[in-house]
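Visitor: heads up, no residue letters with this:
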């Protein structure tokens, strides 16, 4: 799971940059994101298969150390190659908004939201209904048993990491369209992706979506009714309260907590 | 390891320490600061070096990366002290500089501050930190002054949207005070976390109050977010002003057409008056940065070069590279430069230098205030 989150983070950033490159070729960012997703899928797969898999059987801290080390290298590498300049992908439509009475819905964010929901539903369908998806679930629950059933765990891990990186690439393209980013933005995305995943609950793919929506709402409401600087404190307060009453997260499944590490 | 190079003039070099934010969240500004220091070193050494009591010594600025963290920036100042380096050029930003200033004072070192503008740094009675830049209270106040003087019809109400770091809060306080003095209706300020790219709550709150002017006390990320999200949310004042963000080339590049007519305050523009023997005029400086680094000069470049220049001129005036002697020379320094006038008050601030107000017009940041160095007329209202 830690690897998944790490992939999310630099995938987001790399995705933004790749989307920029695609934009340079004349592609719209909402099309370019498929290019960045494909490139990052391959990148993520190779990284997990030939590097992270080497330490995956060791203690979890070794994996964490390796992925954080990679994170540092990749962020600094991007600093050197792309510079620390802030970037944003300009489109003619993303800043437009639809007005419903007094409420305005920004078009770029609406598109990003719709895509996030669609991709989550698609991912859940793939994982629950295809053999590949089942093998991902099985490996997550009990690696030893999965291996005995003939599942190639190495390949499954790499595939999962690749999917994570690819999704992050798409997210990066969307973030680039509605916001700004540079390589050092990685730290805040890391933190928030951990919070969102744990709050929503591990072991259920709708968890991240639910977690993200809750954090987004808490931040928006917090900013509205409290002094604006309280939003982060409030987000973490919600996380703590949820974990006290539901240690598996809002929609997390207990099986993840009791899974076997072999 | 370099051969024993201390502050002693007889070694042929004058070592100056600079901890810089070369990586981490301030990397962009940190690199611009380094460019400014490096250009200063080249300009000085091209003239044979600094004349210290009749001996020419070369400038040797040693850089360390503080990863944008104040505690590391302070530690690095200690490390320079352990190596015998007493003369320091500051890191980027108020938080780093504030941490460094305390160490400088304790160690008996001397620092010229290029980018720490928070007035708090200068309210602690420190005697060994000198800042070439205008203090934080001037950033938004200068925009308010420019609007009061040049905008027709004169706007009535103004609201401040501010990041919550010390520097930005001081900018907001200074701006609100000036706005009240000049007769504006000043609405309650809205704060958001430093470095956030989501300022929608603050904008939603001020939308119903229909302010004529929105001024952001921000850095680049929050500054871009205000303009982008104001459009998304349909918040439309007569004009936007922002500290720090608009003069950086990334602002217009990132926002494109949305950046048009946004006002900003700048420590320096190439329309600044004054010359000095190393850099010449502001226009000469702009050419040198363009030629060497292949981008238009940023005020972060200029304030870094100016800090280095002040240190060099003070060492020459003192005829010594000893921290105490250079300190005394700095406190008495009164000179023209490409950066404008450099003269410090008793707290170490360069209070005599005005800030410029720029406006993005056709993608370029043009000086519109003060009017005597204006390159263009202010366009008002700024939003169509």
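Guide: Arrived safely. None of the values given here were measured: they were computed from a predicted structure. Residues are numbered from 1 along each chain as shown, chains lettered A, B, ... in the order given.

Visitor: show the model's pLDDT score for residue A:151.
Guide: Residue A:151 is assigned 93 on the pLDDT scale.

Visitor: try residue A:229
Guide: Note for residue A:229: predicted pLDDT of 77.

Visitor: residues from chain B in reach of chain A?
Guide: Neighbours of chain A within chain B, by C-beta under 8 Å from any C-beta of the partner chain: B:23-25, B:27-28, B:31, B:68, B:164, B:190-193, B:195-198, B:200-202, B:204-205, B:220-221, B:224-225, B:228-229, B:231-234, B:250, B:253-256, B:258. The way it works is simple: take the backbone N, C-alpha and C, and place the C-beta from them, glycine included.

Visitor: just the ones of those in helices?
Guide: Within the residues of chain B next to chain A, residues falling in helices by DSSP state H are B:27-28, B:31, B:200-202, B:204-205, B:220-221, B:224-225, B:228-229, B:231-233, B:250, B:253-255.

Visitor: just the buried ones from those residues?
Guide: Neighbour-count burial (16 or more other C-beta atoms under 10 Å in any protein chain shown) applied to those gives B:27-28, B:31, B:200-202, B:204-205, B:220-221, B:224-225, B:228-229, B:231-233, B:250, B:254-255.

Visitor: now do the contacts for the residue of chain B at minimum distance from chain A.
Guide: Closest residue of chain B to chain A, C-beta to the nearest C-beta: residue B:201 (2.4 Å). Contacts for residue B:201 (C-beta atoms under 8 Å, 6 or more residues apart in numbering or on different chains) come out as A:219-220, A:222-224, A:228, A:231, B:190, B:192.

Visitor: which among these gets closest to residue A:98?
Guide: Residue A:98 lies nearest to residue A:220 out of the contacts of residue B:201, by C-beta to C-beta, at 18.0 Å.

Visitor: still on that earlier bit, now the contacts of residue B:201 in TSV, with neighbour count, secondary structure and distance to residue A:55?
Guide: Formatted as TSV, these follow (neighbours: other C-beta atoms under 10 Å in any protein chain shown; DSSP: H, G, I helix; E, B strand; the rest coil; distance: C-beta to C-beta, whole Å):
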residue	neighbour count	secondary structure	distance to residue A:55
A:219	23	helix	36
A:220	15	helix	40
A:222	21	helix	39
A:223	27	helix	41
A:224	14	helix	45
A:228	23	helix	42
A:231	23	helix	37
B:190	23	strand	47
B:192	28	strand	40
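
Visitor: out of these, flag the one nearest to residue A:199.
Guide: Nearest member of these to residue A:199, counting by C-beta to C-beta, is residue A:219, at 12.3 Å.

Visitor: where does chain A have low pLDDT?
Guide: Applying pLDDT under 70 to chain A flags residues A:1-26, A:254-262.

Visitor: and the angle for the lengthiest helix in it with helix B:220-233?
Guide: Identified as the longest helix of chain A according to DSSP H is helix A:153-178. Interaxial angle, helix A:153-178 versus helix B:220-233 (axes from the mean of the first three to the mean of the last three C-alpha atoms, to 10 degrees): 70 degrees.

Visitor: what comes up buried for helix A:153-178?
Guide: A:153, A:155-178.

Visitor: which neighbouring elements make contact with that helix?
Guide: Here helix A:153-178 is seen to pack against helix A:2-24, helix A:29-50, helix A:107-129, helix A:131-141, helix A:143-148 when contacts are counted using 3 or more C-beta pairs under 8 Å, 6 or more residues apart in numbering or on different chains; DSSP states H and E.

Visitor: ok now that helix, how far from the chain's centre?
Guide: How far helix A:153-178 lies from its chain's middle: 7 Å, per C-alpha atoms, centre = their mean, to the nearest Å.
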